[in-house]
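Colleague: Kindly return the folded structure for what I paste below:
(2 chains)
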Amino acid sequence: MEAVQAVRGMNDILPEQVGWWQGIETSAREVLESFGYREMRTPVAEKLELFARGIGESTDIVEKEMYAFEDRNGDWLALRPEATASIVRSYIQHALHAEGGCRKFYQIGPMFRHERPQKGRYRQFHQIDAEVFGLDSPMIDAEMMHMVGVLVDRIGITNVGLNINTLGCPGCRQVYREVLKKFLIEQGEGFCGDCLRRRDTNPLRVFDCKVQKCAELLESAPRLLDHICNDCRAHFDAVKDHLERLGTRYAVNPRIVRGLDYYMRTTFEVITDRLGSQSAIGGGGRYDGLVRDLGGPDVPAVGFAMGMERLVLLLEQEKERPLRSPFCFFASLGDQARAKAFVLAQQLRGRGLEAELDYEGRSLKSQMRRADKSGARYVLILGEDELARSEVQVRDMLTKTQRLLPLENILETLLTIDSQK
RNA sequence: GUGGGUGUAGCUCAAUUGGUUAGAGCACUGGGUUGUGGCCCCAGAGGCUGGCGGUUCGAGCCCGCUCACUCACCCCA
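Modeller: Here you go, the predicted model:
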């Protein structure tokens, strides 16, 4: 009988790794909440149309990476490839703008994209995602990037960089697009096939190209930064000023173009050079038109997402794996003693301390080995002799010392020992 | 979707030009101590060599197909 395997690109997170995940989630919640963000949980599936309209019909994500399916009612649904569209949908559906002022939300959970898996990239992956609605101010752009820095720091990752760019608004981008297209045509056929194709479909993407030849030809290309309108320039300058005020280091990188259509003005990426070909551990930007385009009020917005798998990969390189071990282990000899240990273990657990025990009546040696492997600090040895005298051996595995203590009040004794640690 | 690499025990890997019963370390179980962990010693268990087909007297090894994993491209977190 052949065993069933997990779906390609969708991984189990086993107990030995789950400590990383819990640590990251805890840090994320603490930092985001302290910046005023509140959690929202949306379904993993949405109407297909939401993503098509939100992310852009011609993006790779929508064109070829979505898990789309027809449900039994004949509706076309898709597993979410990212969180922003869902949060915007929810924001509009529940009229969350009605309370006025700005609203900040976050979400942590799985996303799905049907890509070829590789290091740091999977078909089911997990993101920490945050969105702010209702603020035009460049201050929030800067605050979000600063917050991402605080978050990365709190998680325990070092040596990451922040790249920022501006894409301009739809108005000035249109102007620049034509200028760039003209330049690309003047340069002739020297570009790679992909770039020649992009020239007509989405000229801005040529800056994403990693082919050496293309990068050289683009050295003298006109820069979007030289063509943006005054409002966009002022916004970008203000973002940079605020970042400097916060002491957040950044580099302006005109190549941060991003693959989702909704971004405008500020875009940014948090990058590392330690993940093979995957360099971005997080990214985001401003998307002022999206809420309106999805049928809501004309509300500005900024957001970002971080890839949890990539954070875990980095943490594994930098830190010791967090371990979880019980407070004590009950080793017993004889059926009577084992039955007593069984009851005591439940009572201790009920008081909030992690306790493990032998259920099978193994040899004491075997139980001690197991206790050692579990990492338990104390082993409570309960044999027929101890039981007869209403006593118990309490062995400290770290100091290798043990004391004979009365069985009466043993729970309180252990709780006291724990609180003194 | 396109390329490259790799598939042998739970894990990491051996196995001569194709040659007899596929090995080791770690991990696991038991014992060395009829009641005491790590270190040490002994023993045990664990394999359709990813699958199917081909070449051959003979295939873990060569060939074809397929599947899986992996890295990279594209793109993205």
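
Colleague: Please enumerate the helices of the stretch 201-350 of chain A.
Modeller: Secondary structure of the stretch 201-350 of chain A by DSSP state H, counting those that start in this stretch: the helices cover A:212-217, A:230-246, A:290-293, A:308-318, A:335-350.

Colleague: least reliable of those helices going by mean pLDDT?
Modeller: If you rank the helices of the stretch 201-350 of chain A by mean pLDDT, helix A:212-217 sits at the bottom with a mean of 70.

Colleague: wait, which of the helices of the stretch 201-350 of chain A is closest to RNA strand B?
Modeller: RNA strand B sits nearest to helix A:308-318 of all those, at 5.0 Å, using C-beta to the nearest atom of the strand. In this view, the C-beta of every residue, glycine as well, is placed from N, C-alpha and C.

Colleague: packing partners for the closest one?
Modeller: Here helix A:308-318 touches helix A:15-34, strand A:124-133, strand A:280-286, going by 3 or more C-beta pairs under 8 Å, 6 or more residues apart in numbering; DSSP states H and E.

Colleague: And for the residue nearest to A:Ile417 when sequence neighbours are not counted, the neighbour number?
Modeller: The spatial neighbour of A:Ile417 that comes closest, neighbours along the chain excluded (C-beta to C-beta, 6 or more residues apart in numbering), is A:Tyr378 at 7.4 Å. Neighbourhood size, A:Tyr378 [other C-beta atoms under 10 Å]: 20.

Colleague: what do you get for A:Arg199?
Modeller: Neighbour tally, A:Arg199, other C-beta under 10 Å: 18.

Colleague: do A:Gln317 as well
Modeller: A total of 11 residues lie near A:Gln317 under the criterion other C-beta under 10 Å.

Colleague: Identify the residues contacting it.
Modeller: A:Arg274 (C-beta atoms under 8 Å, 6 or more residues apart in numbering).

Colleague: Can you pull the phi/psi pair for A:Thr401?
Modeller: Per-residue torsions, A:Thr401: phi -110, psi 150 (degrees, to the nearest 10).

Colleague: ok, now how distant is it from A:Gln17?
Modeller: A:Thr401 sits 34 Å away from A:Gln17, going by C-beta to C-beta, to the nearest Å.

Colleague: picking up where we left off before, ok, which of the helices of the stretch 201-350 of chain A comes nearest A:Gly9?
Modeller: helix A:308-318 (11.0 Å; C-beta to C-beta).

Colleague: just to revisit the earlier point, more neighbours: which of A:Thr401 and A:Gln17?
Modeller: More crowded of A:Thr401 and A:Gln17, by other C-beta under 10 Å: A:Gln17, with 14 against 9.

Colleague: What's the separation between that one and RNA strand B?
Modeller: As judged by C-beta to the nearest atom of the strand, to the nearest Å, A:Gln17 and RNA strand B stand 13 Å apart.

Colleague: partner residues bridging the nearest residue to A:Arg349 once chain neighbours are set aside?
Modeller: Spatial nearest neighbour of A:Arg349, chain neighbours left out: A:Ala355 (5.4 Å); criterion: C-beta to C-beta, 6+ apart. Counting by DSSP bridges, A:Ala355 is bridged to A:Cys328.

Colleague: number of nearby residues for A:Ala355?
Modeller: Residues near A:Ala355, counting by other C-beta under 10 Å: 22.

Colleague: Next one: it from A:Lys421, what distance?
Modeller: 15 Å.

Colleague: and what of A:Arg310?
Modeller: Counting by C-beta to C-beta, the gap from A:Arg310 to A:Lys421 is 35 Å.

Colleague: Could you do A:Gly282 as well?
Modeller: 37 Å.

Colleague: More neighbours: the two, which one.
Modeller: Higher neighbour count among A:Gly282 and A:Lys421: A:Gly282, with 24 against 6, using other C-beta under 10 Å.

Colleague: Can you tell me, leaving aside adjacent residues, what's nearest to that one?
Modeller: A:Gly282 sits nearest to A:Met306 (C-beta to C-beta, 6+ apart), 3.6 Å away.

Colleague: From the chain's centroid, how far away is stretch A:93-101?
Modeller: Averaging C-alpha positions (C-alpha atoms, centre = their mean, to the nearest Å) puts stretch A:93-101 26 Å from its chain's average.

Colleague: And that stretch, what's buried?
Modeller: Buried residues in stretch A:93-101, counted by 16 or more other C-beta atoms under 10 Å: A:Leu96, A:His97.

Colleague: contact partners of that stretch?
Modeller: By C-beta under 8 Å, 6+ apart, stretch A:93-101 touches A:Ser90, A:Tyr91, A:Arg103, A:Phe133, A:Gly134, A:Val291, A:Gly296, A:Pro297, A:Val299.

Colleague: for the helix or strand containing A:Glu178, packing partners?
Modeller: Using DSSP states H and E, A:Glu178 maps to helix A:170-187. Judged by 3+ C-beta pairs under 8 Å, 6+ apart, helix A:170-187 is in contact with helix A:193-201.

Colleague: any idea of the mean pLDDT in the helix it packs on?
Modeller: Averaged across helix A:193-201, pLDDT comes to 68.

Colleague: same check, this time on stretch A:295-305
Modeller: 95.

Colleague: ok, back up a step: wait, which of the helices of the stretch 201-350 of chain A is closest to A:Glu49?
Modeller: The nearest among those, by C-beta to C-beta, is helix A:290-293 at 12.3 Å.

Colleague: Can you show me the CA trace of the closest one as PDB?
Modeller: C-alpha atoms of helix A:290-293 as PDB (Å, rounded to 0.1, in the frame of the first residue of the first chain):
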ATOM      1  CA  LEU A 290      -7.500  50.100  -4.600                       C
ATOM      2  CA  VAL A 291     -10.400  50.600  -2.100                       C
ATOM      3  CA  ARG A 292     -12.200  52.700  -4.600                       C
ATOM      4  CA  ASP A 293     -11.500  50.200  -7.400                       C
END
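
Colleague: Is RNA strand B within reach of that helix?
Modeller: No - applying C-beta under 7 Å from any atom of the strand, one finds helix A:290-293 out of contact with RNA strand B, separated by at least 13.5 Å.

Colleague: do the same with stretch A:344-360
Modeller: No - on the criterion C-beta under 7 Å from any atom of the strand, stretch A:344-360 is out of touch with RNA strand B, staying 8.1 Å away.

Colleague: Just the CA trace of that stretch, in CSV.
Modeller: Provided in CSV are the C-alpha atoms of stretch A:344-360 (Å, rounded to 0.1, in the frame of the first residue of the first chain):
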residue,chain,number,x,y,z
LEU,A,344,-0.4,13.4,40.6
ALA,A,345,0.7,14.3,37.0
GLN,A,346,-2.9,15.3,36.1
GLN,A,347,-3.1,17.4,39.2
LEU,A,348,0.2,19.2,38.5
ARG,A,349,-0.9,19.8,34.9
GLY,A,350,-4.1,21.2,36.2
ARG,A,351,-2.1,23.7,38.2
GLY,A,352,-0.3,24.8,35.0
LEU,A,353,3.0,22.9,35.1
GLU,A,354,4.0,20.6,32.3
ALA,A,355,4.4,17.1,33.6
GLU,A,356,5.3,13.8,31.8
LEU,A,357,5.2,10.3,33.0
ASP,A,358,5.7,6.6,32.1
TYR,A,359,2.4,5.0,31.2
GLU,A,360,3.8,1.6,30.4
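
Colleague: All set, thanks.
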